[in-house]
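Participant: below is the sequence, then the predicted model.
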Amino acid sequence: MNKIVGSLPGTCRSLVLAGLLGTCAGAQGQACVFTSGIGTIGFGSLDPSSATIRTAFADVRVQCVPASFTPSWQFTGANGNAPLQMKHAVQNAFLPYSASVSFTGNVGTAQNWRITATVLGQDYQNALGGTYSDLLTATITP
């Protein structure tokens, strides 16, 4: 699971996505498992005066049987899925984001994937300052 943590204190606004990646499922003799965790994804400073689309990423490794099989991915968040959103630590305020995945190549029989998180400038332009978080679960299905 990915724990998404964001901080928007005053006018110095930053957002960090951090955590570990977690669940998998198998079907008809096919199986895929995560063989590496996810590190930290940092968006850097989110400046509302020049709100632009911000992306950040982390790489993860998956092992599938058979090795040539390509898993399908699904992301769900603890604070909602349409859209995914981080919740303010104290207030009832949310900061939407999206998550996507792309194949980046093989290392031996393992598959490398890049998880990309995106925050739209219009979504943080008027965001309430403070800390935001979400718990993002990635499910792979062979």
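Facilitator: Thanks, I have the structure now. It should be emphasised that the depicted structure is a prediction, and the values quoted were computed from it without experimental measurement.
Participant: any weak-confidence spans in the chain?
Facilitator: 1-29, 38-46 (pLDDT under 70).
Participant: residues in contact with the lengthiest strand in it?
Facilitator: Ordering each strand of the chain by length in residues (DSSP state E) puts strand 94-107 first. When contacts are defined by C-beta atoms under 8 Å, 6 or more residues apart in numbering, strand 94-107 is touched by residues 4, 6, 8, 15, 59, 61, 70, 73, 75, 79-80, 83-88, 111-120, 123-124, 127, 132, 134, 136, 138. From N, CA and C alone the C-beta is placed, and that goes for glycine too.
Participant: now with 7 Å, please.
Facilitator: For strand 94-107, contacts defined as C-beta atoms under 7 Å, 6 or more residues apart in numbering pick out 6, 59, 73, 75, 79, 83-87, 111-119, 123-124, 127, 132, 136.
Participant: quick one: it to chain centroid distance?
Facilitator: Averaging C-alpha positions (C-alpha atoms, centre = their mean, to the nearest Å) puts strand 94-107 6 Å from its chain's average.
Participant: now do stretch 48-68
Facilitator: 7 Å.
Participant: buried set for that stretch?
Facilitator: Ala51, Arg54, Ala56, Phe57, Ala58, Val60, Arg61, Val62, Gln63, Cys64 (16 or more other C-beta atoms under 10 Å).
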